[in-house]
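*Asks:* task: produce atomic coordinates for the following.
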Amino acid sequence: MPEGHLKLDVERKPCRRAREPRAPRLRSVGLGFPRRLARFRRFVGRRLFTRRVAAALDGGVVTNAPWSARARGLAVCFVYANCIGGVAALILPPVLHWVGRRSRVAMWAVRLIMIPIAIVLGSMLAVTVPVVLGLVRPQEYFANVRGSLWTSFIVTTVACLAVIAYETLRSQLDAATLALRTKERDEAEARRVATEAQLASLESRVNPHFLFNTLNSIASLTHSDPSGAERMTNQLASLMRSSLDSGSAPLVTLDEELKLVRDYLDIERVRFGDRLRFTVEASEGSRQTKVPRLSLQTVVENSVKYAISTRRQGGCVAVQASVSNGLTRLVVTDDGPGFDASYVREGHGLALLKSRLAMTFGERATLLIDSRPGRTCITIEVPRSG
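*Replies:* Next up is the predicted model:
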């Protein structure tokens with residue numbers, strides 16, 4: 001073989017060996033691209049500590065990143081998250097509590113001001129940790145703080161917005177749950193009070209003295225006044241029926257309630273004769289107002305019990321209903337000896353009536369007692385309807 005060819009072959013071999021294969025490109029998963037990640041690292045900073053922050057953000061995206069780099073990145077994220085989160089947890093709640101619930105604009109303004117402050121203070125604290133541990137030189141402290149602010153701002157803002165949204169939805173859910181439980185409690189209390197009032201009214205209706213006296217009055221009228229005996233029997237039946245049906249329809253019109261009051265007073269007049277004198281007056285605009293069943297009758301019964309039955313000369317009971325300023329006013333007056341309104345015991349007819357009014361109408365209904373010797377006036381005000 002010629003000498004030149006040997007020389008040429010010898011010269012070519014070193015050239016082929018000098019060519020080294022290119023390093024394989026890093027393959028990324030999802031949206032991570034090597035060039036963009038490199039630009040992101042340069043944007044965040046060229047310092048050692050800020051490069052670790054960038055590695056912490058993309059270490060979990062690049063598939064062939066070494067586990068040691070991922071561990072260092074997670075450690076950096078852990079330090080930043082705890083420092084910024086701790087500072088935010090310390091300064092945000094007191095400031096928001098001081099601002100109070102003045103307005104949504106004020107709350108958001110405070111949040112927009114305090115979140116960047118928390119980010120800056122937390123980032124400074126996070127960089128202080130590696131400086132104290134000797135991982136970063138003190139001369140590079142402020143450079144590392146500036147380099148990590150943008151990343152910290154993005155991550156912290158997103159986290160804060162997520163927490164604010166969660167807390168807002170949770171507070172709305174808690175408020176709705178509290179309102180629902182309060183409503184259920186009020187309804188249960190209203191049913192309990194209505195049941196007690198029904199039992200108290202039924203007890204008074206079937207009281208042996210009242211029932212026997214009424215039946216004796218009916219028996220005495222059977223021969224002398226058959227039509228009166230029949231009318232009194234119907235009135236007694238109406239009272240019993242209303243007492244038993246109070247659970248099915250808790251509200252009735254004032255016209256129906258006044259009819260029940262008249263039936264009750266007519267029965268009692270047969271018992272007491274001229275000792276019981278009464279008047280019932282109601283304006284036309286008030287007759288369709290909804291009132292709790294047996295509410296007015298309870299007050300009238302109280303007057304008959306304490307102002308008429310206890311005195312030999314009897315007394316007078318006056319019932320009036322009128323409309324004023326969108327309210328229907330019911331007034332029951334008697335000329336009895338009076339009583340101390342502060343000693344009305346729990347379970348008394350007037351105490352039960354006051355609870356029923358509060359459960360049915362809330363603050364829109366009132367029950368006022370003005371009692372002194374010679375005059376007792378009980379006033380009920382309920383919203384006008386009908």
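
*Asks:* show me where the protein has its strands.
*Replies:* 251-253, 276-282, 290-292, 315-324, 327-334, 366-372, 375-383 (DSSP state E).

*Asks:* compile these into a markdown table and extend it with columns for mean neighbour count, mean pLDDT and distance to residue 225.
*Replies:* For glycine as for every other residue, the C-beta is placed from the backbone atoms N, C-alpha and C. What follows is the strands of the chain, written out as a markdown table (neighbours: other CB atoms under 10 Å; pLDDT from 0 to 100; distance: least, CB to CB, whole Å):
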| stretch | mean neighbour count | mean pLDDT | distance to residue 225 |
| --- | --- | --- | --- |
| strand 251-253 | 18 | 88 | 30 |
| strand 276-282 | 16 | 94 | 18 |
| strand 290-292 | 24 | 91 | 33 |
| strand 315-324 | 19 | 94 | 24 |
| strand 327-334 | 21 | 95 | 28 |
| strand 366-372 | 15 | 92 | 37 |
| strand 375-383 | 19 | 94 | 33 |
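
*Asks:* so for residue 222, which of those sits nearest?
*Replies:* Closest of these to residue 222 is strand 276-282, at 21.7 Å (criterion: CB to CB).

*Asks:* tally of neighbours for the closest residue to residue 229 other than its chain neighbours?
*Replies:* Sequence neighbours aside, residue 221 is the residue nearest to residue 229 in space, at 3.8 Å (criterion: CB to CB, 6 or more residues apart in numbering). Here the number of neighbours of residue 221 (other CB atoms under 10 Å) works out to 18.

*Asks:* ok, residue 221 - contacts?
*Replies:* 228-229, 232, 270 (CB atoms under 8 Å, 6 or more residues apart in numbering).

*Asks:* taking the residues you listed together, which two end up most distant?
*Replies:* Among the contacts of residue 221, 229 and 270 lie farthest apart (CB to CB), at 9.6 Å.

*Asks:* quick one: residue 172 from residue 268, how far?
*Replies:* Distance of residue 172 to residue 268, computed by CB to CB, to the nearest Å: 56 Å.

*Asks:* re earlier: nearest to residue 359, out of the strands of the chain?
*Replies:* Here strand 290-292 is closest among the strands of the chain (CB to CB), at 9.1 Å.

*Asks:* tell me the strands beside that closest one, with direction?
*Replies:* strand 251-253 (antiparallel) (DSSP bridges).

*Asks:* show residues contacting the partner strand.
*Replies:* With CB under 8 Å, 6+ apart as the criterion, strand 251-253 contacts 287-293, 360, 386.

*Asks:* could you dump the residues you listed into JSON lines with distance to residue 141 added?
*Replies:* Shown next, in JSON lines, are the contacts of strand 251-253 (distance: CB to CB, whole Å):
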{"residue": "287", "distance to residue 141": "85"}
{"residue": "288", "distance to residue 141": "81"}
{"residue": "289", "distance to residue 141": "78"}
{"residue": "290", "distance to residue 141": "76"}
{"residue": "291", "distance to residue 141": "78"}
{"residue": "292", "distance to residue 141": "75"}
{"residue": "293", "distance to residue 141": "80"}
{"residue": "360", "distance to residue 141": "70"}
{"residue": "386", "distance to residue 141": "79"}
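
*Asks:* quick check: the farthest pair among the residues you listed?
*Replies:* Applying CB to CB across the contacts of strand 251-253, the maximum distance is between 287 and 360, 18.8 Å.

*Asks:* between these two, which one's more packed in?
*Replies:* Neighbour comparison, residue 287 and residue 360: the larger count goes to residue 360, with 21 against 17 (by other CB under 10 Å).

*Asks:* can you tell me the closest non-neighbouring residue to the more buried one?
*Replies:* The nearest residue in space to residue 360 (CB to CB, 6+ apart) is residue 292, at 5.8 Å.

*Asks:* tell me the spacing between that neighbour and residue 357.
*Replies:* Distance, residue 292 to residue 357, by CB to CB: 7 Å.

*Asks:* go on, residue 366?
*Replies:* 7 Å.

*Asks:* list residues touching both of those two?
*Replies:* residue 380.

*Asks:* residues in contact with residue 83?
*Replies:* Contacts of residue 83 by CB under 8 Å, 6+ apart are 122-123, 125-126, 129.

*Asks:* neighbour count and pLDDT added to the residues you listed, as a markdown table?
*Replies:* As requested, these are exported to a markdown table (neighbours: other CB atoms under 10 Å; pLDDT from 0 to 100):
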| residue | neighbour count | pLDDT |
| --- | --- | --- |
| 122 | 24 | 83 |
| 123 | 25 | 81 |
| 125 | 17 | 83 |
| 126 | 25 | 81 |
| 129 | 16 | 80 |
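
*Asks:* sweet, I'm off.
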